[in-house]
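Undergrad: A predicted structure for the sequence below; I have some questions about it.
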Amino acid sequence: MSMAVNLPPVRPQTDHKRPGLLRRIVAEYGQECVVLAAIMLLFVVVTLVNPRFVNANNLVTIFSGNAYIAVAAIGMAMVIMTGNIDVSVGALIGVLATVAGTLAVSGYPIWFALVAPIFVGMAVNTVIGVLVAYAKIPSIVVTLGALSILRGGLISVTGGTWISDLPPDFLIAQKRLLGLPVPFLFMIVLTIAAFLWMRYSAFGRSIYAIGGNPEAAVATGIPVERRLVSVFAIHGAFAGVAAILFATQLQVIQSTVPPNLELTIITATVIGGVSILGGSGTVIGSTLATILFATIGSALIFINVSAYWLRAVIGLLILATVLADMLRRHRRT
Amino acid sequence: MNLRSLIRHETFLALLLVLVLVVLSWQSDRFFTVSNLLNQGRLMTEIGLIAIAMTFVIATGGIDLSVGSILGLVAILLGVFWQNVGMPLPMAIVAAIAAGTLAGFMNGFIITRFRVPPLIATLATLALYRGLAEGISQARSVRGYPDWFYVLGQGQVLGVPTQLWILFAAAIIAAIILAYTRWGRTVYAIGSNEVASRFSGLSVEKTKLALYTASGFAASLAAVIFVSRVSTTRSDMGTGIELDAITAVVLGGTSIFGGRGTILGTIIGLCLIQALKNGLSLAGVKGDGTIMLIGAVLILAILVSNIFGRSGSR
């Protein structure tokens, strides 16, 4: 238990001097640093065991193959920071991928097929947001219902058929820009943009405020209900982008929802340091956590661990990260 | 605790159930037959056992997402203990259930000892336990159990499916514990105000530890029944069953924030879901359309209950 004895500080207080930049970063972004260190450690160890780990193909797999999860985790991070949760996003991504693919093969312009999922995602999540913010139904209940509706709807409309013969221009996730894979660029640009927006804009700050203390947020004049709906809508837009990256990375779109995708996204967000109680964390953490998962998956293959143990290793790692985070927090308080 | 709103939700739900039963039996003459209803009870048992334990967990304001993975793990262990380790089947069953209960205890330990929020703790063990199941099974399936074992999942006692008796017994015992014992009241107290409960001298941590352990036990029992019903063991068994169970519990009027909920509500919610699944499939609606409808019913039921009972969301 957290029965910490309040010992006097060992070092003399240095209030007059700001601590060094590195120390401030570690203090403020502890969880992000832990995840980053884990990624680097894995890279070093696995490369020592098997130098082929750092070949170009494998790096693309690690940094680009899971980029859509990182993009979806950005929106999820915002939702979780407000103290809510969304368990329907995996189903939504499945639906939006099918929407994009269907539009692309039925003769609509490519740009339309690529943009439509973003707006459909926003529309769906606006409804969810309204139910959460105004009808006051807990988000886990609304999204649990939405999960069933979206998943059931997808399979009953498509009948589980695959979409193939996609036009080559549609497959943007397979293209490169400036020599780098497009999904990787999307992940980096969106993560940095979202990070800066959440840190410096009034709207972004209000997301933290709502999650940290909803009553105080109301008292300071933040329109909490409207903001909640907006956050869900933005989350829907990110799900749209994620769906496009997901839909265009292969030659076919399987009209099924990737199993447990929502749990992977939520886990990445939480491992990245976003507090499930709301109010803290960054999207840099969630993106790093996604890269960490991909690194672990790839590392296991390169050090010849059976793929069947992959989930167990990831599970163990998640548990270790969560416990470390809790212990760190208890020590601080 | 607002008793009136509580009664209201369950009354509303029971009326909905009656309405659904009437409409469905009108739609298909194969629905309202004894054999069909008993068979549906058979299919309901695994989710039902998990949902009963989940009612307690959610009533304390917690959640257990790992039950589906525990189910998968116990199913695999049952097969491995019996076929690969060479234990006699009864011993393998007991050992597998003990392992699953231990998995539940682990959840409780992480939640109470390290103060990890239940959603996160069980999300992590969801991945861990399913991963262990996959790793241990190496994608093999175990079949060819002795005949007596199938009595549990496929046989009948006094004309009623065996497992339905277990569900009945579990529901009645759980309902009595939750409504009439000191321990049951503690569950509500924790869900209403955990800090106040702790200061009132209630053993919050012990109660929670016991509940997550019980949830693991319920999932293990469900696993054995599941294996017996489908005659085989696979590592992906029970995937997503946590969402079905939570849907039944929340539909049954248990507040996701804790402090409110009854076993009766959960059972009605469970019956409603199963009746919809079965009735619609008999009426020619595909299974996926049914999933959609269950999602819509869940949201609508809570919405209506929020509008009528003012204390709905809390």
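TA: Received the coordinates, thanks.
Undergrad: Now do stretch B:237-253, average pLDDT.
TA: Averaged over stretch B:237-253, pLDDT sits at 84.
Undergrad: How about that stretch and chain A, any contact?
TA: Yes: Stretch B:237-253 is in contact with chain A by CB under 8 Å from any CB of the partner chain, via B:Thr239, B:Leu243, B:Ile246, B:Thr247, B:Val250. C-beta: built from backbone N, CA, C; applies to glycine.
Undergrad: and the last one, what element?
TA: Under DSSP states H and E, the secondary-structure element containing B:Val250 is helix B:241-251.
Undergrad: angle of the helix or strand following that helix against helix B:241-251?
TA: Per DSSP H and E, helix B:241-251 leads on to helix B:263-282 as the next helix or strand towards the C-terminus. Angle, helix B:263-282 to helix B:241-251, by axes from the mean of the first three to the mean of the last three CA atoms, to 10 degrees: 120 degrees.
Undergrad: how far does helix B:263-282 sit from the chain's center?
TA: From the chain centre to the centre of helix B:263-282 is a distance of 13 Å (CA atoms, centre = their mean, to the nearest Å).
Undergrad: Which elements pack onto it?
TA: helix B:3-27, helix B:34-59, helix B:162-180, helix B:241-251, helix B:287-308 (3 or more CB pairs under 8 Å, 6 or more residues apart in numbering or on different chains; DSSP states H and E).
Undergrad: residue in the stretch 1-150 of chain A nearest to chain B?
TA: Closest to chain B within the stretch 1-150 of chain A is A:Ser148: 2.9 Å, counting by CB to the nearest CB.
Undergrad: could the helices and strands packed on helix B:263-282 be laid out in JSON lines, adding mean neighbour count and distance to B:Gly191?
TA: Below are those laid out as JSON lines (neighbours: other CB atoms under 10 Å in any protein chain shown; distance: least, CB to CB, whole Å):
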{"stretch": "helix B:3-27", "mean neighbour count": "15", "distance to B:Gly191": "13"}
{"stretch": "helix B:34-59", "mean neighbour count": "23", "distance to B:Gly191": "5"}
{"stretch": "helix B:162-180", "mean neighbour count": "17", "distance to B:Gly191": "11"}
{"stretch": "helix B:241-251", "mean neighbour count": "26", "distance to B:Gly191": "13"}
{"stretch": "helix B:287-308", "mean neighbour count": "19", "distance to B:Gly191": "17"}
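Undergrad: quick one: which of these is nearest B:Thr232?
TA: Closest to B:Thr232 of those, according to CB to CB: helix B:34-59, at 14.7 Å.
Undergrad: what about the closest one and chain A, touching?
TA: No: shown here: helix B:34-59 not in contact with chain A (CB under 8 Å from any CB), separated by at least 10.2 Å.
Undergrad: quick revisit: can you redo the helices and strands packed on helix B:263-282 as CSV with distance to A:Leu180?
TA: Listed next are the helices and strands packed on helix B:263-282 as CSV, based on distance: least, CB to CB, whole Å:
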stretch, distance to A:Leu180
helix B:3-27, 55
helix B:34-59, 46
helix B:162-180, 56
helix B:241-251, 38
helix B:287-308, 39
